[in-house]
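S.K.: Below: sequence and its predicted model.
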Amino acid sequence: MPDVANVADALLCRNLQVRPDKVALISAGERVTYRELADRAGRFANLLKARGLVPGDRLLLALPDGAGFLYAFLGSILAGCTPVLLNPGLPPCDVAFIARDVSAKTVVTEPGCPAATAAPAPLLVSSDGALVEELLRHPARVTPHLPTPDDIAFMQFSSGSTGRPKGIPHRHGDVPFVIATFARQVLALDEHDVVCCAPKLYFVYGLCNSVLFPLDAGATAVLNPGPPTPETMIRLIREHRATIFCGVPFHYSLLLQSLPEGAKLESLRLCVSAGEALPESLLTQWMARQGVDILNCLGSTESLSVYLSNRPGQVIPGSCGRVIPPYEVKVADEAGDPLPSGQAGELLVRGGSILPFYWNQPHKTAQTILPGGWLRTGDVFVERDGVYYHQGRSDDLFKVAGQWVSPARIEDALRGHPAVTECAVVAKPVAEMLRPFAYVVLAQGRTPEGELMAEFRDFLGRRLPPHQIPVWFHFVDELPKTPTGKVQRFKLRELAE
């Protein structure tokens, strides 16, 4: 990707010159070529100008995955405006808070979405077709706004699971950096690839893998406006011969449950897992049945993309792989000083895509971004021979009998039992001391008999030290999750109190 200032212009122009009539995206049966994508993004930029928006203005973008999302996202950046990406189902109180926080001038959303009533001057889009009809009233030719690489291109907000959502800005210069690292060094996409990604576009994981990376490579992205059910994902992969699938561990677990024994997704050449650590047992099951690598990797909204990853053909089970240069990482103590290899500590990262600050939150910025540009990730890791092993989130760890306990290690062991589909471990106070407490989703056909708990304890006793064996197993139909599929452990901790 050429190092030009406006990232939307860079992504569109290269494909317009080289492959204008190739399909850029497929959504709800519609196929949009690169020529059509550039045309409609330019028209959207002129629509915003006609509405009185000027470079530097911020707008909320709350649309389902689809062609309209890309027209609005790329067109806003072409016009020099800053799209703030939101979940279209976000509660009105959160939409109103974010609109005030960023001083949004308008919101692009659908009628009936919370954002239509909770944000100012809504620009309503009833469907991709209706949006195209509106765009045809505006010229396609646009002179892209020319920012500096350090100017903000777009923004995202954290989930707000532990408080108010936090605004995370991404600069124009961040995008070429993440393309040169994870996209090119690890995924190695080309124009023949077809990418199917379960996480939605308003998440950084979905945006990079469904928009930024395929556009750079001239690949085709398959977008899914609805929920990423396993049936839908299987259908899209097979129908469009997807070569890359991206999901969180929960998606791979559901796919394995939904695919008949012996059935394969034969078009896939590579799978990616992020959001949470990929359990070694799940990777083993997937490889045995599908024979396709899942690259367990680590990134965050704050870094825009992935900085630790396994490599194709070099998957190390139970690990997040190695650092992707020129990112730098270190396992550090509370003072930020590096720890010896093999010792657990918080992972710090720095590189050219780390957020410059949290929007309107200087205290959080000072807490998270350390001197020298190091970002505190909140993830606990152990490094051995240049390979990084996730031990859990720092706020998930707890001590039992003076020894640190990682819920992730217990969960990975428990998932190895054939009666377990999913599980999550939290700390429960027993006699004023913390003990492991497990929530378990049973496999189909299994029932929570009393003997099963004894069976679990015996199973784990052969794999874990005594202080890590849960004192109780609570059987549930499902685990609480975020829209990205991450387990909401804070809700389980509340239940455990």
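M.R.: Arrived safely. Residues are numbered from 1 along each chain as shown.

S.K.: Tell me where the stretch 151-300 of the chain is predicted with low confidence.
M.R.: Applying pLDDT under 70 to the stretch 151-300 of the chain picks out residues 159-164.

S.K.: the strands in it, which residues?
M.R.: Remark: strands assigned in the stretch 151-300 of the chain by DSSP state E, counting those that start in this stretch are 152-157, 167-171, 194-197, 220-223, 244-247, 270-273, 294-299.

S.K.: Quick check, Gly342 in contact with Phe381.
M.R.: No. Counting by Cβ atoms under 8 Å, Gly342 stays clear of Phe381, with 11.0 Å between them. To be clear about C-beta, it is placed using only N, CA and C from the backbone, and glycine gets the same treatment.

S.K.: need the longest helix for this structure.
M.R.: Selection of the longest helix in the chain by residue count, based on DSSP state H, yields helix 34-50.

S.K.: relative to strand 167-171, how tilted is whichever helix or strand comes after that helix?
M.R.: Counting by DSSP states H and E, the element after helix 34-50 in chain order, helix or strand, is strand 58-62. Here the directions of strand 58-62 and strand 167-171 differ by 110 degrees (axes from the mean of the first three to the mean of the last three Cα atoms, to 10 degrees).

S.K.: List the pairing partners of strand 58-62 within its sheet, with orientation.
M.R.: Each strand paired with strand 58-62, and its direction, by DSSP bridges: strand 82-85 (parallel), strand 106-109 (parallel).

S.K.: The helix or strand following the last one packs against which elements?
M.R.: When you say that, I think you mean strand 106-109. Remark: after strand 106-109, the chain's next helix or strand is helix 115-118, criterion DSSP H and E. Secondary-structure packing of helix 115-118 (3 or more Cβ pairs under 8 Å, 6 or more residues apart in numbering; DSSP states H and E): helix 92-102, strand 106-109, strand 122-124.

S.K.: Turn these into a markdown table, columns for distance to Cys246, mean neighbour count and mean pLDDT.
M.R.: Shown next, in a markdown table, are those (distance: least, Cβ to Cβ, whole Å; neighbours: other Cβ atoms under 10 Å; pLDDT from 0 to 100):
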| stretch | distance to Cys246 | mean neighbour count | mean pLDDT |
| --- | --- | --- | --- |
| helix 92-102 | 26 | 18 | 90 |
| strand 106-109 | 25 | 25 | 92 |
| strand 122-124 | 30 | 18 | 73 |
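
S.K.: Reformat the ones you listed as CSV; add distance to Pro144.
M.R.: Converted to CSV, these look like this (distance: least, Cβ to Cβ, whole Å):
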stretch, distance to Pro144
helix 92-102, 22
strand 106-109, 19
strand 122-124, 20
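
S.K.: Which of the strands paired with strand 58-62 sits closest to Val349?
M.R.: strand 82-85 (22.3 Å; Cβ to Cβ).

S.K.: hang on, the earlier thing: reformat the strands of the stretch 151-300 of the chain as CSV; add mean neighbour count and distance to Gly89.
M.R.: Output for the strands of the stretch 151-300 of the chain, formatted as CSV (neighbours: other Cβ atoms under 10 Å; distance: least, Cβ to Cβ, whole Å):
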stretch, mean neighbour count, distance to Gly89
strand 152-157, 22, 14
strand 167-171, 22, 19
strand 194-197, 27, 18
strand 220-223, 25, 17
strand 244-247, 26, 20
strand 270-273, 23, 24
strand 294-299, 24, 24
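
S.K.: looking at these, which is closest to Gln257?
M.R.: With respect to Gln257, and counting by Cβ to Cβ, the nearest of those is strand 244-247 at 13.5 Å.

S.K.: Pull up the pairing partners for the closest one, direction included.
M.R.: With DSSP bridges as the test, strand 244-247 is paired with strand 194-197 (parallel), strand 270-273 (parallel).

S.K.: if I look at Pro225, how far off is Pro88?
M.R.: 10 Å (Cβ to Cβ, to the nearest Å).

S.K.: from the chain's centre, how far out does stretch 421-430 sit?
M.R.: Between the centre of stretch 421-430 and the centre of its chain there are 24 Å (Cα atoms, centre = their mean, to the nearest Å).

S.K.: what mean pLDDT does that stretch have?
M.R.: The average pLDDT for stretch 421-430 rounds to 88.

S.K.: Not counting that stretch itself, show me its contacts.
M.R.: Identification of contacts with stretch 421-430 by Cβ atoms under 8 Å, 6 or more residues apart in numbering yields 250, 253, 257, 396, 398, 405, 407, 410-411, 414-415, 434-444, 470-472, 478-479, 487, 489, 492-493, 496-497.

S.K.: For it, buried residues please.
M.R.: Neighbour counts over stretch 421-430 (16 or more other Cβ atoms under 10 Å) mark 421-428 as buried.

S.K.: can you pull out the helices in the stretch 251-400 of the chain?
M.R.: Taking DSSP state H, counting those that start in this stretch, the helices of the stretch 251-400 of the chain run over residues 280-290, 362-368.

S.K.: tell me which element Leu74 is part of?
M.R.: Using DSSP H and E, Leu74 falls within helix 67-78.

S.K.: that older thread, of Gly342 and Phe381, which one has the most company?
M.R.: Phe381 (24 against 11; other Cβ atoms under 10 Å).

S.K.: circling back to that earlier point, with respect to Leu59, which of the helices of the stretch 251-400 of the chain lies nearest?
M.R.: Among those, helix 362-368 comes nearest to Leu59, with 23.7 Å by Cβ to Cβ.
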